[in-house]
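Q: Just to be clear, the model below is a prediction. Sequence and coordinates:
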Amino acid sequence: MKKLFFLFCILFLGCAALFAQEAEGESGGGSMRYIAAAIAVGISCIGGGVAVGKIGSSAMGAMSENPDLFGKALPFVGLAEGICLWGFLVALLILFL
C-alpha cells in the first residue's frame, strides 16, 4: 500500500509540474486547466469520503455506547466534509484566475 501511495504522489507531483510549466499563450492551456480542476476536486472528494467513512463509523460506535456523544461527534464529520469544499474552491480558482 505504501508503494502505491508513493507512486501516486510521484505521478501527482509530475502532473503538477507539467501544469506549472505550461505557458499561457499555448493552444493546450485551456484543457490543462480543466484537468487540473478535475484532479483537485477528485482527490479532495475521495479523501473527504474516506475521512467521513472512518469518522462516521467511529462516531456511531461511540454513540451506541453513550448517546450523549452525538453533539461531540457531529462537528468532526463536518470537518471531514469540509475537505471536499476546499477542493471545489481550489478548482474554481484554477478555472477563473
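A: Ah, there it is.
Q: now stretch 70-78: mean pLDDT?
A: Average pLDDT, stretch 70-78: 87.
Q: any idea how far residue 88 is from residue 46?
A: 13 Å (CB to CB, to the nearest Å). Quick note: C-beta positions are derived from backbone N, CA and C, even for glycine.
Q: Would you enumerate the residues in contact with residue 73?
A: Residue 73 makes contact with 55, 58, 59, 62, 63 under the criterion CB atoms under 8 Å, 6 or more residues apart in numbering.
Q: between the residues you listed, which is nearest residue 77?
A: Using CB to CB, residue 55 comes nearest to residue 77 of the contacts of residue 73, at 5.4 Å.
Q: Select the longest helix from this structure.
A: Determined from DSSP state H, the single longest helix within the chain is helix 29-65.
Q: The nearest residue to residue 56 once chain neighbours are set aside: what's it in contact with?
A: Leaving aside its sequence neighbours, residue 56 sits nearest to residue 77 (CB to CB, 6 or more residues apart in numbering; 5.8 Å). Contacts for residue 77 (CB under 8 Å, 6+ apart) come out as 52, 55, 56, 59.
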